[in-house]
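Enquirer: only geometry, no sequence info:
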Ligand SMILES: NC(=O)c1ccc[n+]([C@@H]2O[C@H](COP(=O)([O-])OP(=O)(O)OC[C@H]3O[C@@H](n4cnc5c(N)ncnc54)[C@H](O)[C@@H]3O)[C@@H](O)[C@H]2O)c1
């Protein structure tokens, strides 16, 4: 069989099994039945070519000796699986790998439909790892070309160069924020970075709204008391009407502007603060300074990214100018709020409550079940003692729609950046 011809026809780093229609293998239907299934099993790429009837291709070298052996195989219907398996298994061990860190069952669920595309279209084998990527767990990344990371995985200036040396070429964040990655150090080391900046801002905006309404109307408290048969209406359950209330949105990008529009529709008076004004809000909201926003709003919702500039944007000074009884909502990043200052404000009752989907030291705690061991972080534990605080587990993004978009965009990022 003219193997050389096919070898040449392909990218030099790839190799192909070629089955001619004139050979013993009868290819039944289109696409053929064996190639995709076997390729998917072993994480290799499958494709059809002008030059061959069927290709099972993978991105690594196979010696010409192996190639000639393959050429001599008798490709009978029953033998093909076994023959291919042994050669592909051998070759597949050095193929491209993508490791999905901090992977939970739901990540697997939403990535699953893309799984075979990674293998067939991109020639990448995907592995899921439950551990977070940190300085301590970096060894797991050895030999992977692509890392898929989430909000609490960490790439520091030190680890960026180490990851490159281990073979990592691309980091795909399956989230919008990039504050957990030393981006400049990665670029310097030659690692490309991609994120999912826009997977549907309404998922997070609606979660912020849920926190506002639950906190204001004390749903968490009444839910608890009713479970014990206590239907008493007490002063502690008193809320305020959102219609006509002044609400401040800090950061009017995708998520902040989506929330602003929902609140306008509810009849709130919306104040905004951002470095850049969002044209779509100019007719319905007022842009003011941060000080004015904080001092006039009964609800303040944070939607700026975490940067050096925004770190502890909400500190003792900021909290001191918020009106008595006002609510602070943070669905952006924990580091925007000085948690100890927030605890002081809650203790002194200078603000009315906080709804937090994020916490500045959440890494290693959020997305873990600590019910058996207890919470070792005293600041978080103190925060949870306040009846006027609701903490959710960084789940603003967690809707069917957003997860589907995240999985699709991550695949597209890998496809466009790696090829
Ligand atoms: N809780 C979750 O599950 C979840 C999910 C997605 C995103 N987020 C967080 O939400 C943040 C906002 O997301 P987005 O998609 O709306 O981002 P975006 O980039 O569309 O909007 C951010 C806005 O903040 C403004 N901004 C930046 N720095 C500022 C500063 N110093 N002062 C004033 N304004 C400033 C920008 O001009 C921009 O308009 C993300 O950075 C991420 O951290 C959280």
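Expert: Sure, I can see it. Everything quoted here is computed from the prediction, not taken from an experiment.
Enquirer: up against the ligand, what does the protein have?
Expert: For the chain, the residues in contact with the ligand (CB under 6 Å from any ligand atom) are 176-177, 201, 204, 251-256, 274-276, 303-306, 309-310, 331-333, 357-358, 394, 396-397. All C-beta atoms are positioned from the backbone trio N, CA, C, and that covers glycine.
Enquirer: quick one: buried ones out of the residues you listed?
Expert: 176, 201, 204, 251-256, 274, 303-304, 306, 310, 331-333, 357-358, 394, 396-397 (16 or more other CB atoms under 10 Å).
Enquirer: next step: those restricted to helices.
Expert: Those of these mapping onto helices are 201, 204, 254-256, per DSSP state H.
Enquirer: quick one: least confident helix or strand in this protein?
Expert: Among the helices and strands of the chain, helix 3-9 carries the lowest confidence by mean pLDDT, DSSP states H and E, at a mean of 34.
Enquirer: that older thread, from the ones in helices among the buried ones among the residues of the chain next to the ligand, pick the one nearest residue 291.
Expert: Residue 291 has its nearest neighbour among these in residue 256, at 18.0 Å by CB to CB.
Enquirer: show me the contacts for that closest one.
Expert: Residue 256 sits next to 205, 249-250, 272, 274, 278, 301, 303-304 when contact means CB atoms under 8 Å, 6 or more residues apart in numbering.
Enquirer: got it, and residue 401?
Expert: The contact partners of residue 401, taken as CB under 8 Å, 6+ apart, are 200, 203.
Enquirer: and it, what pLDDT?
Expert: At residue 401, the model reports a pLDDT of 96.
Enquirer: what do you get for residue 318?
Expert: 98.
Enquirer: for the ligand, what is the nearest residue in the stretch 251-400 of the chain?
Expert: Using CB to the nearest ligand atom, residue 253 is the residue of the stretch 251-400 of the chain that sits closest to the ligand, at 1.7 Å.
Enquirer: over to the stretch 101-250 of the chain?
Expert: Closest to the ligand within the stretch 101-250 of the chain is residue 177: 3.3 Å, counting by CB to the nearest ligand atom.
Enquirer: neighbours around the nearest residue to residue 147 once chain neighbours are set aside, how many?
Expert: Leaving aside its chain neighbours, residue 147 sits nearest to residue 171 (5.0 Å; criterion: CB to CB, 6 or more residues apart in numbering). Residues lying near residue 171 (other CB atoms under 10 Å) number 27.
Enquirer: from what I see, residue 171 and residue 194 are in contact.
Expert: Yes - here residue 171 reaches residue 194: they are 7.4 Å apart, a contact under CB atoms under 8 Å.
Enquirer: before we move on, back to that, pLDDT and distance to residue 240 for the ones in helices among the buried ones among the residues of the chain next to the ligand - can I get that in a markdown table?
Expert: Shown next, in a markdown table, are these (pLDDT from 0 to 100; distance: CB to CB, whole Å):
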| residue | pLDDT | distance to residue 240 |
| --- | --- | --- |
| 201 | 95 | 26 |
| 204 | 98 | 24 |
| 254 | 97 | 28 |
| 255 | 98 | 24 |
| 256 | 98 | 22 |
